[in-house]
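1. using only what follows, build the 3D model:
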Amino acid sequence: MKDPNNPCLFCDIKKSGCAHENKLAYASYDSYPVSEYHCLIIPKRHIKNFFDLTNDELLACNDLIKIIKDEITNKDQTVKGFNLGTNIGKVSGQSIFHCHLHLIPRREKDVDNPQGGVRSVIPKKQHYKRIK
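-> Sure, this is the predicted structure:
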């Protein structure tokens with residue numbers, strides 16, 4: 001199996017694919033999508049994780065998130081929501097150690113019970129009952 005970290009897959013925009021870009025970041029549709037149009041937002045500077053982003057890089061990533069979100073909802077009216085997240089560190093599931101954010105389109109009934117959303121990274125914590 002080829003190591004996506006050596007050399008870093010996300011440092012090569014041509015290899016990753018580029019749907020949109022700005023000065024500090026680019027967007028690439030995921031090679032292993034969770035749902036159709038799952039997209040990655042990737043800073044151009046090689047940094048390990050979200051907490052290393054500068055404010056300018058955060059804004060650049062956010063601008064692309066909004067562009068991609070609009071592009072997706074224009075292409076597919078069945079998209080009714082999104083999950084937006086990032087994995088930070090191996091224990092969280094990060095496998096490519098170049099910061100990237102996942103924008104995952106969601107559609108009605110794509111899972112039996114979407115309650116808890118991103119909480120499902122720990123399955124026993126996804127479905128909960130409100131006490132108050």
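2. quick one: contacts of stretch 6-26?
-> Stretch 6-26 has contacts (C-beta atoms under 8 Å, 6 or more residues apart in numbering) with 27-29, 39-46, 56-57, 60-61, 63-64, 67-68, 71, 96-98, 100. C-beta here means a position set from N, CA and C on the backbone, and glycine is covered the same way.
3. looking at those residues, which are in helices?
-> Among those, DSSP state H puts 56, 57, 60, 61, 63, 64, 67, 68, 71 in helices.
4. tally of neighbours for the second one?
-> Neighbouring residues of residue 57 were enumerated by other C-beta atoms under 10 Å; the total is 19.
5. circling back to that earlier point, from the contacts of stretch 6-26, list the buried ones, please.
-> Burial by neighbour count, 16 or more other C-beta atoms under 10 Å: within the contacts of stretch 6-26 this picks out 27-29, 39-44, 57, 60-61, 63-64, 67-68, 96-98, 100.
6. which residue is nearest the centroid of the protein?
-> Centroid-nearest residue in the chain, with C-alpha atoms, centre = their mean: residue 102, separated by 0.5 Å.
7. over to that one. Which of the three states is it?
-> strand (DSSP: H, G, I helix; E, B strand; the rest coil).
8. hang on, residue 64 packs against residue 40?
-> No: at 9.9 Å, residue 64 does not count as touching residue 40 under the criterion of C-beta atoms under 8 Å.
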